[in-house]
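Asks: Whatever this is, show me its structure:
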Amino acid sequence: MPSESLRETIDSIIVALILAFVFRAFIVEAFVIPTGSMASTLNGAHGTMICRNCGWEFTYGLTDPSTRSMGQFGDDSIAECPNCRYSNPTAEINDRRNNYESGDRILVLKWTYDIGGATLGPKRWDVVVFKDPSDGVTNYIKRLAGLPNEVLQIVDGDAYAARLDSLSAEARETLAIERRVKYLRWLQSELHRRDTAPRFRLDELPAEDAAQLEPAALDHLARELAPRREALLAELDRKLRICRKTREAQHDLWRVVYDHDFPPRERGDVQPKWLPGDGSRWTVAERTLRFDGLEQSEQPVSLSAEIDSFCAYNTLPPSRRHRQFGEEFPVGDLRIGFVVDYRGGSGAVSARLTKRDDHFRGELSADGAIRLLHSTAAAPHTWSELSSAHIDALRPKDQVEFTMENLDYRVSLMIDGREVLATTDAQYSPNIAALRGGNTIPATLPPQIIASDMDVELRHVSVHHDIYYISRVTTDLPLAYHAWGVQNHPIALTDGEYFMLGDNSAQSKDSRLWNYVGDHLLDRGAAYQLGTVPHDQLIGRAFFVYWPSGLRTSLIPFLRDTGWIPNFGRMRWIR
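Replies: Residues are numbered from 1 along each chain as shown. I've put the predicted structure just below:
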């Protein structure tokens with residue numbers, strides 16, 4: 001009957017809507033990236049540029065007029081190419097014309113965090129969506145760096161952690177006192193806020209908090225803490241371990257230093273280049289390096305390039321060209337890769353990477369021998385063999401993919417995508433006390449490629465650097481605050497507390513700088529710690545960019561400035 005058919009149709013629609021709401025609430029939900037704090041892994045409102053000098057395509061940040069987020073500069077701002085450091089003007093695509101590309105639209109898996117556990121729960125280096133601790137409404141997206149029940153400290157660009165239960169009772173007590181002082185200083189600041197009315201009065205606080213807010217009591221706590229902190233830091237120097245990134249996460253965290261497949265046409269002082277020595281048998285072609293050195297001794301070719309924490313997403317005003325807010329730091333974690341096109345000879349080709357006082361060489365010989373060598377700044381020409389392996393001897397016209405990485409205090413050598421050699425912690429590990437106490441960061445020495453007694457051509461030569469988490473943060477925050485979890489300011493995470501970092505470290509207000517507590521967390525009092533995200537504020541793990549900024553066409557005039565065509569090439573998994 002018609003009435004029954006209509007009722008069945010309405011029932012089906014209602015059931016479909018209910019299932020859709022359930023799916024969105026508990027399974028998968030879509031979000032849009034509003035800012036560039038995760039660039040260049042994920043983009044907020046941005047422009048896309050092909051560098052005029054080398055042809056490298058990259059994105060740079062703009063202001064989304066609908067959110068006023070990630071404000072940048074005007075028509076005369078500069079987008080610096082990450083590959084060749086050429087200063088490209090941004091006038092062609094800029095926020096004043098509202099001709100911007102929207103932020104990436106992503107899918108977030110929610111049910112796994114709801115179930116939790118060792119298998120499905122939050123893991124270090126997940127890309128996580130959560131509620132902003134300052135308001136409880138805005139959705140934030142960052143990378144999870146710190147887990148519950150551990151102490152975390154960022155030193156020289158890397159995250160280090162130790163289990164709280166591995167620390168002495170004295171160290172745990174010191175961390176508890178520091179957390180208490182941090183909370184009381186925040187309370188004191190809240191009671192004297194000038195921008196808005198205080199959200200509570202002194203007589204509304206618990207008696208213990210009110211008593212310790214007295215200047216004499218708080219000063220006593222701070223004096224008690226000072227001598228204990230040095231002992232705490234010394235113990236952490238011994239017990240912290242570097243938080244090595246997963247291979248999946250690292251895939252998205254490499255940043256280009258220079259790809260020789262995209263050589264710059266104009267070469268000024270800052271444009272990267274491969275430099276052979278005087279009288280060298282190395283020749284640098286437009287996209288290849290050639291060593292015609294049969295029966296020749298070792299000869300290097302060195303990369304001249306700036307290797308620092310620069311992020312091309314962060315545009316610059318002309319007056320500050322080539323320096324973003326003075327916050328670039330030399331980066332020593334590098335990857336060098338190339339394809340060896342072997343023509344002849346009985347010698348070897350190798351790559352050399354240096355981090356601080358440690359020099360490493362990965363060597364591939366014509367007879368198939370592979371070696372990983374080490375020397376120090378004190379004796380740079382005295383090489384000791386750390387490990388070795390062997391593949392089939394090279395034959396003319398053989399092509400072998402060679403990759404060497406110095407990453408998170410682990411050096412590895414890969415042949416044709418397979419890891420064949422790597423250092424152990426006993427052979428190579430950080431000296432945290434020296435890293436933490438150093439007042440200067442040495443410049444990164446240029447990578448080198450070295451060859452002897454070979455006729456060989458190297459193709460697809462590229463150098464990348466790892467992300468660098470800035471740990472020497474200077475801010476205009478009130479004296480009551482400092483940056484959390486950074487160098488010499490470790491943070492202790494207790495049950496259900498997480499520490500978040502943005503991939504765009506220089507322009508990410510993340511756990512290092514959170515200093516405001518939203519009303520939704522206010523009633524938790526000292527149970528909520530500044531710089532953390534409670535477990536119940538997590539939404540889920542981001543896993544796929546299903547709609548990057550769409551492609552445009554002028555075929556339909558009124559849609560020419562709208563990216564409405566799916567860009568399948570940029571749809572990608574989030575690692």
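Asks: First-to-last residue distance for stretch 189-204?
Replies: In stretch 189-204, first residue to last residue: 15 Å (C-alpha to C-alpha, to the nearest Å).
Asks: in that stretch, what's buried?
Replies: The neighbour-count check on stretch 189-204 (16 or more other C-beta atoms under 10 Å) flags 189-190 as buried. For the C-beta atoms, the positions are set from N, CA and C on the backbone; glycine is no exception.
Asks: State the mean pLDDT of that stretch.
Replies: On average, the pLDDT along stretch 189-204 is 75.
Asks: same question, stretch 270-287
Replies: 92.
Asks: Also stretch 228-241?
Replies: Averaged across stretch 228-241, the pLDDT comes to 96.
Asks: just how off-centre is that stretch within its chain?
Replies: 25 Å (C-alpha atoms, centre = their mean, to the nearest Å).
Asks: Next, count neighbours for Ala492.
Replies: By other C-beta atoms under 10 Å, the residues close to Ala492 number 24.
Asks: so it touches Arg180, yeah?
Replies: No - judged on C-beta atoms under 8 Å, Ala492 makes no contact with Arg180 at a distance of 11.3 Å.
Asks: how deep is Glu224 tucked in, by neighbour count?
Replies: Using other C-beta under 10 Å, Glu224 has 12 neighbouring residues.
Asks: do Ile115 as well
Replies: With other C-beta under 10 Å as criterion, Ile115 counts 9.
Asks: Bridged to the residue nearest to Ile106 when sequence neighbours are not counted, which residues?
Replies: Nearest residue to Ile106, sequence neighbours excluded (C-beta to C-beta, 6 or more residues apart in numbering): Ala542, at 5.0 Å. Applying DSSP bridges to Ala542 gives these bridge partners: Val108.
Asks: okay but Ala542 is in contact with Leu107, surely?
Replies: Yes - using C-beta under 8 Å, Ala542 makes contact with Leu107 at a distance of 7.3 Å.
Asks: and the two? which has more neighbours close in?
Replies: Counted by other C-beta under 10 Å, Ala542 and Leu107 do not tie: Ala542 has more neighbours, with 26 against 18.
Asks: which ones are touching the more buried one?
Replies: For Ala542, the contact set (C-beta atoms under 8 Å, 6 or more residues apart in numbering) comprises 31, 42, 106-109, 127-129, 141, 574.
Asks: ok but Arg180 is inside a helix, no?
Replies: Yes - assessed with DSSP: H, G, I helix; E, B strand; the rest coil, Arg180 lies in a helix.
Asks: Can you tell me the number of residues neighbouring it?
Replies: With other C-beta under 10 Å as criterion, Arg180 counts 17.
Asks: same question, the one 3 residues further on
Replies: Other residues near Tyr183 number 19, with proximity taken as other C-beta under 10 Å.
Asks: what's the answer for Ala377, then?
Replies: Neighbour count for Ala377, taken as other C-beta under 10 Å: 12.
Asks: can you pull the contacts of it?
Replies: Here Ala377 is in contact with 356-359 (C-beta under 8 Å, 6+ apart).
Asks: Could you check the pLDDT of it?
Replies: Residue-level pLDDT assigned to Ala377 equals 90.
Asks: hang on, the earlier thing: hmm, which of the contacts of Ala542 are the buried ones?
Replies: Buried members of those, counted by 16+ other C-beta under 10 Å: 31, 42, 106-109, 127-129, 141, 574.
Asks: Now do Cys51 against Asp252, distance only.
Replies: The spacing between Cys51 and Asp252, counted by C-beta to C-beta, to the nearest Å, is 21 Å.
Asks: One more: Phe338?
Replies: 22 Å.
Asks: What lies in contact with the strand or helix carrying Ala216?
Replies: Ala216 is part of helix 215-239 when elements are defined by DSSP states H and E. Residues from elsewhere that reach helix 215-239 (C-beta under 8 Å, 6+ apart): 151, 153, 160, 162, 166-168, 170-171, 173-175, 177-178, 180-181, 184-185, 188, 211-212, 432-433, 436, 488, 490.
Asks: if I read this right, Pro276 contacts Phe291, doesn't it?
Replies: No - using C-beta under 8 Å, Pro276 is not in contact with Phe291; the gap is 9.0 Å.
Asks: just for the stretch 101-250 of the chain, where's the confidence low?
Replies: In the predicted model of the stretch 101-250 of the chain, residues 194-197 satisfy pLDDT under 70.
Asks: hmm, try it at 90
Replies: By pLDDT under 90, the weakly predicted segments of the stretch 101-250 of the chain are 101-103, 111-112, 114-119, 181-182, 184-227.
Asks: Where do the helices of it begin and end?
Replies: 111-115, 117-120, 169-191, 207-212, 215-239, 247-253 (DSSP state H, counting those that start in this stretch).
Asks: Those helices: which one's closest to Pro534?
Replies: For the helices of the stretch 101-250 of the chain, proximity to Pro534 was assessed by C-beta to C-beta; helix 111-115 is nearest, at 12.5 Å.
Asks: Only the buried residues of the closest one, if you could.
Replies: Across helix 111-115, burial judged by 16+ other C-beta under 10 Å covers 112-113.
Asks: Over to stretch 35-44?
Replies: So stretch 35-44, judged by 16+ other C-beta under 10 Å, has buried residues 35-44.
Asks: what's the answer for stretch 297-306, then?
Replies: Neighbour-count burial for stretch 297-306, with 16+ other C-beta under 10 Å as criterion, is recorded at 299-303, 305-306.
Asks: What of stretch 367-376?
Replies: 370-375.
Asks: Mind listing residues that contact it?
Replies: With C-beta under 8 Å, 6+ apart, stretch 367-376 has contacts from 346, 348, 350, 357-365, 381-394, 411, 413, 415, 420-423, 427-428.
Asks: please redo it, this time with the cut-off set to 6 Å
Replies: With C-beta atoms under 6 Å, 6 or more residues apart in numbering as the contact definition, stretch 367-376 has outside contacts at 357, 359-364, 382-393, 413, 420-421.
Asks: next one: stretch 36-55
Replies: 33-35, 57, 59-62, 64, 70, 79, 81, 83-84, 86, 88, 93, 100-101, 103-104, 141, 252, 262, 264-266, 313, 502-504, 508.
Asks: Kindly report the same for stretch 126-139.
Replies: Outside stretch 126-139, the residues touching it (C-beta under 6 Å, 6+ apart) are 31, 108, 140-141, 143-144, 514, 516, 518, 520, 533, 537-542, 574.
Asks: do that again at 7 Å, thanks
Replies: Under the criterion C-beta atoms under 7 Å, 6 or more residues apart in numbering, residues 31, 108, 122, 140-144, 500, 514, 516-518, 520-521, 533, 537-542, 574 lie in contact with stretch 126-139.
Asks: Likewise for stretch 411-421?
Replies: Here stretch 411-421 has contacts from 360, 362, 370, 372, 387, 389, 391, 400-405, 422-423, 428, using C-beta under 7 Å, 6+ apart.
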